[in-house]
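Q: With the sequence up front, the predicted model follows.
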Amino acid sequence: MSPAAIRKAIIPAAGLGTRFLPATKASPKEMLPVVDKPLIQYAVEEAVAAGIEDIIIVTGRGKRAIEDHFDRSFELEENLKGNGKAQLLKDIRRISELANFCYVRQPEALGLGHAVLCAQHLIGDEPFAVILGDEVIDAKVPALAQLIRVFDTGNGAVLGIQKVKRAEVSHYGIVATRRVAGGLHRVLDLVEKPAREAAPSRYAVIGRYVLSPEIFPMLEQTSPGKNREIQLTDALRLLSRRAPMYAQEIVGRRHDAGDKLGFLKATVEFALKNPVLGPQFAHYLKGLRPTIGRNP
């Protein structure tokens, strides 16, 4: 029997955004703009490009701006229409038409695993995707589509991975794997943010997952760890001992936009690719080159 189509994706967006304070004191981190779109819109557009129809966003207190962004704005649309800005009006309307949006609250920031568990009643018995919005992946084939392609072969849950520097392994969930073919690996074990010397590999899970509903009982069995958080990695580890699990090396340029430096790099690279702004911005950067690194 062929696997069910992946129609639903969960985007956890209830975090406190402490790495971007004070900017995120009153504004959601997910709404920080990379050029002209908020971070979370990149995640939604990737999901839609991969065939996702239903987007479940797990939010928290102070995140209302996310819901407003993906909703219709009658006053704004009327203003654009009255001013003859037809293309901008089309672009704005398209945002609310990207997918079917649903929101669920995470009462406390108790970890990624808990955020996924909050959406269980909206997933039911279907396979689904999870996308972390602060990992922006620029790829010809959407990163999530690369995982769904593997899942559709019927192998089991699929995690997106990329190789990171040895010095960076303590910032990620790291997988021990056995290569199956090309960029596809069988997952043997997972460790959340291991010490450099204890890491089983340099393959990091990079915020893209295609999972079966069997993950929910594993999450319910997972004990809270540091800061009382329920880690998705711990539940995946339990699941990998009961059913086959795979990891696919993602082909694409990844930006860790949850980090200030990564966010700046993403902004620069996407600005350079922008067909309108790119040439002017490139010219500006070239003019800065002689002064970079000098003390003011």
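A: Looks like it arrived, so ask away. Only a predicted model underlies this, so the values are computations on that prediction, with no experimental measurement involved. Numbering: from 1, shown residues only.
Q: Now for residue 62: which residues touch it?
A: Residue 62 sits next to 26, 28 when contact means C-beta atoms under 8 Å, 6 or more residues apart in numbering. Placement of C-beta: from N, CA and C, glycine included.
Q: for this protein, which helix is longest?
A: Secondary structure assigned by DSSP state H gives helix 260-273 as the longest helix of the chain.
Q: Which positions in the helix or strand following that helix come out as buried?
A: As assigned by DSSP states H and E, the chain's next helix or strand after helix 260-273 is helix 278-288. By neighbour count on 16 or more other C-beta atoms under 10 Å, the buried set for helix 278-288 is residue 281.
Q: just the CA coordinates of helix 278-288, formatted as CSV?
A: Extracted as CSV, the C-alpha positions of helix 278-288 are listed here (Å, rounded to 0.1, in the frame of the first residue of the first chain):
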residue,chain,number,x,y,z
GLY,A,278,20.1,43.0,-6.1
PRO,A,279,22.2,45.1,-8.6
GLN,A,280,22.0,48.3,-6.5
PHE,A,281,22.7,46.4,-3.3
ALA,A,282,25.7,44.7,-4.9
HIS,A,283,27.0,48.1,-6.1
TYR,A,284,26.7,49.4,-2.5
LEU,A,285,28.5,46.5,-1.0
LYS,A,286,31.4,46.8,-3.4
GLY,A,287,31.7,50.4,-2.4
LEU,A,288,32.0,49.4,1.3
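Q: returning to that earlier point: what helices or strands is the longest helix of the chain leaning on?
A: Secondary-structure packing of helix 260-273 (3 or more C-beta pairs under 8 Å, 6 or more residues apart in numbering; DSSP states H and E): strand 33-34, strand 135-138, strand 253-256, helix 278-288.
Q: what's the offset of that helix from the middle of its chain?
A: Between the centre of helix 260-273 and the centre of its chain there are 16 Å (C-alpha atoms, centre = their mean, to the nearest Å).
Q: Residue 88: neighbour count?
A: The tally of other residues near residue 88 (other C-beta atoms under 10 Å) stands at 14.
Q: gap between it and residue 77?
A: To residue 77, residue 88 is 10 Å away according to C-beta to C-beta, to the nearest Å.
Q: Start and end of stretch 45-65, how far apart?
A: Criterion C-alpha to C-alpha, to the nearest Å; first-to-last residue distance in stretch 45-65 is 18 Å.
Q: can you pull the buried residues of it?
A: Along stretch 45-65, these residues count as buried under the neighbour rule (16+ other C-beta under 10 Å): 45-48, 50, 52, 54-60, 63.
Q: Ok, stretch 236-243 next?
A: Counting neighbours by 16+ other C-beta under 10 Å, stretch 236-243 gives 236-240 as buried.
Q: just stretch 18-32 next, same as before
A: 20, 24, 28-32.
Q: what's the answer for stretch 183-195, then?
A: So for stretch 183-195, counting by 16+ other C-beta under 10 Å, buried means 184-187, 190-192, 194.
Q: and it, C-alpha only, in PDB?
A: C-alpha atoms of stretch 183-195 as PDB (Å, rounded to 0.1, in the frame of the first residue of the first chain):
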ATOM      1  CA  GLY A 183      22.400  11.300   0.300                       C
ATOM      2  CA  LEU A 184      20.000   8.900   2.000                       C
ATOM      3  CA  HIS A 185      20.900   7.400   5.500                       C
ATOM      4  CA  ARG A 186      19.300   5.000   7.900                       C
ATOM      5  CA  VAL A 187      19.100   6.600  11.300                       C
ATOM      6  CA  LEU A 188      20.800   4.500  14.000                       C
ATOM      7  CA  ASP A 189      20.600   7.000  16.900                       C
ATOM      8  CA  LEU A 190      20.000  10.600  17.700                       C
ATOM      9  CA  VAL A 191      21.600  12.900  20.300                       C
ATOM     10  CA  GLU A 192      20.400  16.400  21.300                       C
ATOM     11  CA  LYS A 193      23.200  18.900  21.400                       C
ATOM     12  CA  PRO A 194      26.100  16.600  22.200                       C
ATOM     13  CA  ALA A 195      29.500  17.700  23.400                       C
END
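Q: avg pLDDT for that stretch?
A: Mean pLDDT, stretch 183-195: 91.
Q: can you check stretch 84-99 too?
A: Stretch 84-99 comes out at a mean pLDDT of 93.
Q: Please apply the same query to stretch 223-233.
A: 83.
Q: just stretch 60-80 next, same as before
A: Stretch 60-80 shows a mean pLDDT of 92.
Q: ditto for stretch 25-32
A: Stretch 25-32 carries an average pLDDT of 92.
Q: what's stretch 34-46 in contact with?
A: The contact list for stretch 34-46 (C-beta under 8 Å, 6+ apart) reads 11, 13, 29-33, 55, 57, 66, 69-70, 95, 98-99, 131-134, 136-137, 142-144, 257, 263, 266-267, 270-271, 274, 277.
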